[in-house]
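Participant: Quick one, fold the following:
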Amino acid sequence: MIRELVLASRPVSWVNTAFPFGAAYLLAGGTVDVLFVLGVVFFLVPYNLAMYGINDVFDYESDLRNPRKGGVEGHLASPEQHRRILLASAVACLPFLLAFVVLGTALSTAVLALSVFALLAYSIKGLRFKEIPVLDSITSSTHFSSPAWFALALLGWPIGADGWLVLAAFFLWGIASQAFGAVQDIVPDREGGLASVATVLGARTTVRLTTAMYLVAGALLVPTAWPVPLAGLLTLPYAINAGRFWSISDRTSAEAHRGWSVFLWLNYVVGFLVTLLMIWVALG
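Facilitator: Next up is the predicted model:
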């Protein structure tokens, strides 16, 4: 069962939510205190178990038709494991959520509630934001951006104009990334009767918009104080990776999986460079 839970949480993506929280908390003036440790641990494992585990449970039928599921890009848990995954997600998250409510503020609790709502609304039956084109990308980006929002809320939101530009760039990057990831699933999604930003806009339009959004995200950081504009350059590899599929069609949309595979390891390379940039900013 432990193995099933670990697979359901997609370890390859753990850092994608823990890092934004930790980075935002420290750069905004926080220290390695109780809230920092609780936040990093929560967004590292329990949050991902809930986000991906719940998604895998409610997407099971459609995932069966998706050839890329069953590995690091999505676990195929057997139906008899579904109840356990949902229960484990709740048990893993609740102690942290209660601690954050007690130790946090009204603002941080509101932001946390928004984050948890987005996590649930994306997948659960009756809401299924992932099947509402455009809202699917916005909700997904909220998953990855809200840990940073929560960190800032815990500290009273001590950021200026540059901070808002960084948050906007990160959110736009998240929207673009979800949309690009949806391109590879156009055929199985349509066969399963599922809607997404990519099934509605089509592969070619989605890829071109995605490429443009990556570039705009980078451009948002140009007016910020040095050396933050350097972070804008780190959106270029994402734009180039997506732009390789500029002329893709719906029929050949599965080819975008090659780009998604690059995206997964690109996150680690860019994350390392962002960490170095953060150290530069902190020391400056």
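
Participant: quick one: the residue nearest to Phe263 when sequence neighbours are not counted and Phe180, what's the gap?
Facilitator: What sits nearest to Phe263 in space, not counting adjacent residues and going by C-beta to C-beta, 6 or more residues apart in numbering, is Asn241, at 6.2 Å. For the C-beta atoms, the positions are set from N, CA and C on the backbone; glycine is no exception. Here Asn241 is placed at a distance of 8 Å from Phe180 (C-beta to C-beta, to the nearest Å).

Participant: neighbour count winner among those two?
Facilitator: Regarding Asn241 and Phe180, a neighbour count based on other C-beta atoms under 10 Å identifies Phe180 as having more, with 27 against 20.

Participant: State the three-state secondary structure for Thr224.
Facilitator: Look at Thr224: counting by DSSP: H, G, I helix; E, B strand; the rest coil, its state is coil.

Participant: How is the residue nearest to it when sequence neighbours are not counted assigned, secondary-structure-wise?
Facilitator: Of all residues not flanking Thr224 in the chain, Asp162 sits nearest, at 4.3 Å (C-beta to C-beta, 6+ apart). Here Asp162 is recorded as helix under three-state DSSP.

Participant: how about the residue nearest to Phe263, what does it touch?
Facilitator: Applying C-beta atoms under 8 Å, 6 or more residues apart in numbering, we find Asn241 in contact with Gly259, Val262, Phe263, Leu266.

Participant: Output these in TSV, with neighbour count, pLDDT and secondary structure appended to each entry.
Facilitator: TSV is the format used below for those (neighbours: other C-beta atoms under 10 Å; pLDDT from 0 to 100; DSSP: H, G, I helix; E, B strand; the rest coil):
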residue	neighbour count	pLDDT	secondary structure
Gly259	23	97	helix
Val262	16	95	helix
Phe263	18	95	helix
Leu266	16	94	helix
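
Participant: Need the max-distance pair from those.
Facilitator: In the contacts of Asn241, two members sit farther apart than any others by C-beta to C-beta. They are Gly259 and Leu266, at 9.6 Å.

Participant: element containing Ala282?
Facilitator: With the criterion set as DSSP states H and E, the secondary-structure element containing Ala282 is helix 256-283.

Participant: Could you list the low-confidence segments of the stretch 51-200 of the chain?
Facilitator: Low-confidence regions of the stretch 51-200 of the chain, defined by pLDDT under 70, span residues 60-76.

Participant: do that again at 80, thanks
Facilitator: Within the stretch 51-200 of the chain, the ranges that satisfy pLDDT under 80 run 59-80.

Participant: how about the helices of it, start to end?
Facilitator: Assigned helices in the stretch 51-200 of the chain, in chain order: 60-63, 79-103, 106-123, 135-154, 161-183, 186-191, 197-201 (criterion: DSSP state H, counting those that start in this stretch).

Participant: In CSV: the ones you listed, plus distance to Ile279.
Facilitator: Listed next are those as CSV, based on distance: least, C-beta to C-beta, whole Å:
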stretch, distance to Ile279
helix 60-63, 40
helix 79-103, 27
helix 106-123, 26
helix 135-154, 18
helix 161-183, 16
helix 186-191, 40
helix 197-201, 36
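
Participant: which one of those lies closest to Ala231?
Facilitator: With distances scored as C-beta to C-beta, the stretch of these nearest to Ala231 is helix 161-183 (7.5 Å).

Participant: Enumerate the positions of the closest one that are buried.
Facilitator: When neighbours are counted by 16 or more other C-beta atoms under 10 Å, the buried residues of helix 161-183 are found to be 163, 165-167, 169-183.

Participant: in stretch 248-261, what's buried?
Facilitator: Of all the residues in stretch 248-261, those buried under the rule 16+ other C-beta under 10 Å are Ile248, Asp250, Ser253, Ala254, Ala256, His257, Gly259, Trp260.
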